[in-house]
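A.B. asks: need coordinates for the below:
(one chain, ligands or ions: 1)
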Amino acid sequence: MLKSIPAVESAQFWQQVQWVADPIGYMEKAAQKYPDIFSSEIAQAWGKVFFVNEPQAIQEILTNDRKQFTAPGDLNTILSPIVGNNSVITLSSDRHKKRRQLVMPAFHGSRMQHYGELIAKLTRQSFEPMLARRSFAVRDVMQNISLQVILQTVFGLYEGDRLQKLGELISNLTELFNSPLTSAMLFFPVLQKDLGKWSPWGNFVAQREQIDKLIYAEISDRRANLEPERTDILTMLLLSTDVDGNALSDMELRDELMALLFAGHETTATAVSWALYWIERSPEVKSKLLHELAAQAKSDQGDQDWMSIFKLPYLTAVCNETLRVHPVAMLTFPRVVAESATILDVQLECNDIVMGCIYLLHQREDLYPEPKKFKPERFLERQFSPYEFMPFGGGVRRCVGEALAQFEMKIILATILRHYQLTLLDNQPVKPQRRGVTLAPKGGVKMQASQKLLSP
Ligand code: HEM
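C.D. replies: Okay, here's the model as predicted:
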């Protein structure tokens, strides 16, 4: 017999407010009652939304997300104000598939060795000024590093006024969504009213216009002087055609660049900040990491091999455990039930929405005993399937930047741990807080840094 559908029991508007203001509280409360699946009403336009927290059910959804549980981009319009409607995030079906094929090679693992030097250099450049400060928010520094990395890999912009201006404007724009209150603008369309640039949405629109101006200027310059041998993503996009053989329009290019910029730097900055936070709170973890890095440096003999840092087992376990405890993205993108189905004995009807709940999956006691504890060793003691540990989602919308994000996390951490001594300034646990559609450390993790006298 089919189960009745377990649902969060409160009015839709109140559910939406809870989901925006305190997503962890919302999910954990529901999971106490319904640990595997529950239905909710967190989006006005969607009707019933199922949060799925059980690995086999998630596998069933994500391995059938071309046919039975489709992944249309128009369900991701919450991000349209930033990434438009023509990016890999918001495209559907064949156009989505083609666009992924276009951008994926740029983020393939084999290209990472090229980025190692760049990431280590940017880490040193961004960290050095912190030595003179009594206190700084780690997340701000990480945001600066990951933004520069993505600007350089996506646009191929290595220096100049345009790079600097674009960096500043994008930073300012993302800061607009740095709290649950301001993030509400994305979730409640009624708040998206441009009442002049002193109003919150008007300010957002004004800043976005400035960014667009710079992006369109760059596109125009690069079209006029196309250099096919360049390896950045903008060049690849300029050389490509859509499904009908047409070149991408300026607007399509703009949307894609914005999508990669945003998806590509906010997430990684948050992930490395959490990693540093846990390393500094866990002396044993830190000591094991330093030993591993010291042994690696010895075997390197001065000739930096970035891929061997990438493969270090304990560093990998620390990054995985960070993304388990704090998956940054709480949910996969939504999938739509295209053919009615039964999941975990629950009947799903056509047009119902299902989402893999990464946060709750990673908190399951049966997979991760003492789930609130930071224990990288669990990733050395056993292997988790891609549906038990999935910080980058799965199926047709699996994160395109996964290899870059993991590589970046490891090179940034290795560079910081080798060169700087950090002190966590607050003994209180740092809590996760909504930041747009992600979860980030509240307050950004305050630290102090000094130069290491002897680097490993
Ligand atoms: C720690 C860092 C990151 C995390 C935790 C993360 C997580 C995710 C997740 C959960 C999804 C949704 C997958 C799904 O629905 O199944 C996603 C999609 C995506 N990510 Fe990431 N991501 C990270 C870094 C990056 C980077 C560095 C880039 C690009 C440079 C990137 C670009 C994208 C794009 C474009 C999509 C949409 C893919 C599509 O719709 O086909 N992400 N990411």
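A.B. asks: near the ligand, which residues of this structure show up?
C.D. replies: Proximity of the chain to the ligand, by Cβ under 6 Å from any ligand atom, involves residues 88-89, 100, 107, 150, 259-260, 263-264, 267-268, 271, 328-329, 332-333, 391-395, 397-401, 404-405. Quick note: C-beta positions are derived from backbone N, CA and C, even for glycine.
A.B. asks: keep only those of these that are in helices.
C.D. replies: Secondary structure defined by DSSP state H assigns 100, 150, 259-260, 263-264, 267-268, 271, 404-405 of the residues of the chain next to the ligand to helices.
A.B. asks: please save the CA atoms from stretch 364-379 in CSV.
C.D. replies: The C-alpha atoms that make up stretch 364-379 are tabulated as CSV, following Å, rounded to 0.1, in the frame of the first residue of the first chain:
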residue,chain,number,x,y,z
ARG,A,364,22.0,10.9,7.8
GLU,A,365,23.1,9.0,10.9
ASP,A,366,23.0,5.7,9.0
LEU,A,367,25.7,6.9,6.6
TYR,A,368,27.6,9.4,8.7
PRO,A,369,27.5,8.5,12.5
GLU,A,370,27.7,11.7,14.6
PRO,A,371,26.9,13.7,11.5
LYS,A,372,27.5,17.1,13.2
LYS,A,373,31.2,16.2,14.0
PHE,A,374,34.0,17.1,11.6
LYS,A,375,35.7,13.8,11.0
PRO,A,376,37.7,13.6,7.7
GLU,A,377,38.7,10.0,8.6
ARG,A,378,35.3,8.8,7.6
PHE,A,379,36.3,9.4,4.0
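A.B. asks: what about it, average pLDDT?
C.D. replies: When pLDDT is averaged along stretch 364-379, the result is 97.
A.B. asks: name the residues of that stretch that come out as buried.
C.D. replies: 364, 367-368, 371, 374-376, 378-379 (16 or more other Cβ atoms under 10 Å).
A.B. asks: for the stretch 101-250 of the chain, give me the ranges with low pLDDT.
C.D. replies: Across the stretch 101-250 of the chain, the stretches falling below the confidence threshold (pLDDT under 70) are 242-243.
A.B. asks: for it, which segments count as strands?
C.D. replies: All strands of the stretch 101-250 of the chain, identified by DSSP state E, counting those that start in this stretch, fall at 136-137.
A.B. asks: so what's the residue in the stretch 151-300 of the chain positioned nearest to the ligand up against?
C.D. replies: With Cβ to the nearest ligand atom, the shortest gap between the stretch 151-300 of the chain and the ligand falls at residue 264, namely 2.8 Å. Under the criterion of Cβ atoms under 8 Å, 6 or more residues apart in numbering, the contact list for residue 264 reads 146, 150, 154, 401, 404-405.
A.B. asks: and these, which two are furthest apart?
C.D. replies: Maximum pairwise distance in the contacts of residue 264, criterion Cβ to Cβ, is 13.8 Å, between 154 and 405.
A.B. asks: more neighbours: the two, which one.
C.D. replies: In terms of neighbours (other Cβ atoms under 10 Å), residue 405 is the more surrounded of residue 154 and residue 405; the figures are 25 against 22.
A.B. asks: pLDDT value on that one, please?
C.D. replies: At residue 405 the predicted local confidence, pLDDT, stands at 95.
A.B. asks: which non-adjacent residue is nearest it?
C.D. replies: Sequence neighbours aside, residue 268 is the residue nearest to residue 405 in space, at 4.8 Å (criterion: Cβ to Cβ, 6 or more residues apart in numbering).
A.B. asks: pull up the gap between residue 314 and residue 279, please.
C.D. replies: Distance check for residue 314 against residue 279: by Cβ to Cβ, to the nearest Å, it reads 11 Å.
A.B. asks: of these two, who's got more company?
C.D. replies: When neighbours are counted by other Cβ under 10 Å, residue 279 comes out ahead of the other of residue 314 and residue 279, with 23 against 18.
A.B. asks: list the contacts of that one.
C.D. replies: 285-286, 289, 318, 413, 417.
A.B. asks: distance of the residue nearest to residue 430 when sequence neighbours are not counted relative to residue 424?
C.D. replies: With Cβ to Cβ, 6+ apart as the measure, residue 441 is the residue that lies nearest to residue 430, at 4.7 Å, once sequence neighbours are left out. Noted for residue 441: a distance of 11 Å to residue 424, by Cβ to Cβ.
A.B. asks: so which of the two has more stuff around it?
C.D. replies: The neighbour count for residue 441 versus residue 424, taken as other Cβ under 10 Å, is higher for residue 441 (21 against 17).
A.B. asks: circling back: type out the PyMOL command that picks the buried ones from the ones in helices among the residues of the chain next to the ligand.
C.D. replies: Selecting the buried subset of those in PyMOL, with 16+ other Cβ under 10 Å as the burial test, is done by:
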select buried, resi 150+259+260+263+264+267+268+271+404+405
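A.B. asks: contacting residues for the residue positioned nearest the centre of the chain?
C.D. replies: Central residue check for the chain by Cα atoms, centre = their mean: the C-alpha nearest the mean position is that of residue 267, 3.0 Å away. If a contact means Cβ under 8 Å, 6+ apart, then residue 267 has 328-329, 401, 405, 438 as its contacts.
A.B. asks: rerun that using 6 Å as the cut-off
C.D. replies: residue 328 (Cβ atoms under 6 Å, 6 or more residues apart in numbering).
A.B. asks: per-residue confidence at it?
C.D. replies: The model reports residue 267 with a pLDDT of 95.
A.B. asks: same check, this time on residue 10
C.D. replies: Confidence per residue is given as pLDDT, and for residue 10 that number is 69.
A.B. asks: go on, the one 5 residues further on?
C.D. replies: Looking at residue 15, its pLDDT is 83.
A.B. asks: was I right to think it contacts residue 41?
C.D. replies: Yes. With contact defined as Cβ atoms under 6 Å, residue 15 counts as touching residue 41 (5.3 Å).
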